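>>> Turn this into a model:
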Amino acid sequence: MLPRWAEYPQIGHTHNNGDRMFGFASGYAGDLMAAGTPVVSILRRSSVTSVVSLVDVGDELDVIWLGDRWVARRNGMDVGTLTWNAKERGNPDPRTGAPLWMLDDGVLHVERVVVDEDDIVVNLAGYVTPVVRS
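As a prediction, the model looks like this:
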């Protein structure tokens, strides 16, 4: 059975190392940010664990704030760290002037994956919706 990402067209060019991105995008980053659903353009490469190979387009990952960074998790296992800068937390978005999200917990909706030349998922992208606590 083919992975879901294989059903989508390649996005952009093939990187020099053979990596390719597949999937879709739900909207412009500024629009998603204004809606309170910030974009994750990629995970911090140095933080990505082997668990990322289990992720596919359409998956939902937990996002948690760990004091100085946001971490994406799948079934309680770390996948990697979001590239969001902790210093931006609570400051206005430089593009729109709107206050940036104060997200502690969320759900990362995976829309795109990066696969290597062996078709193994090595990174991902999508958007995050906050977890609403009652």
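>>> Who are the packing partners of the worst-scoring helix or strand of the chain on mean pLDDT?
Taking mean pLDDT, DSSP states H and E as the measure, the helix or strand of the chain with the lowest value is helix 29-34, at a mean of 77. Using 3 or more CB pairs under 8 Å, 6 or more residues apart in numbering; DSSP states H and E, the elements in contact with helix 29-34 are strand 39-40. All C-beta spots, glycine's among them, are computed from the backbone N, C-alpha and C.
>>> so what strands line up beside the strand it packs on?
strand 121-130 (antiparallel) (DSSP bridges).
>>> now the strand it pairs with: mean pLDDT?
Averaging pLDDT along strand 121-130 gives 95.
>>> Pull the CA coordinates from it and hand them back as PDB.
The C-alpha coordinates for strand 121-130 follow below in PDB (Å, rounded to 0.1, in the frame of the first residue of the first chain):
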ATOM      1  CA  VAL A 121       9.800  10.900   5.400                       C
ATOM      2  CA  VAL A 122      12.500  13.100   6.800                       C
ATOM      3  CA  ASN A 123      10.600  16.300   7.700                       C
ATOM      4  CA  LEU A 124       7.100  17.800   7.600                       C
ATOM      5  CA  ALA A 125       5.000  21.000   7.400                       C
ATOM      6  CA  GLY A 126       1.500  22.100   8.200                       C
ATOM      7  CA  TYR A 127      -0.500  24.400  10.500                       C
ATOM      8  CA  VAL A 128      -1.300  24.300  14.200                       C
ATOM      9  CA  THR A 129      -4.600  24.700  15.900                       C
ATOM     10  CA  PRO A 130      -4.600  25.500  19.600                       C
END
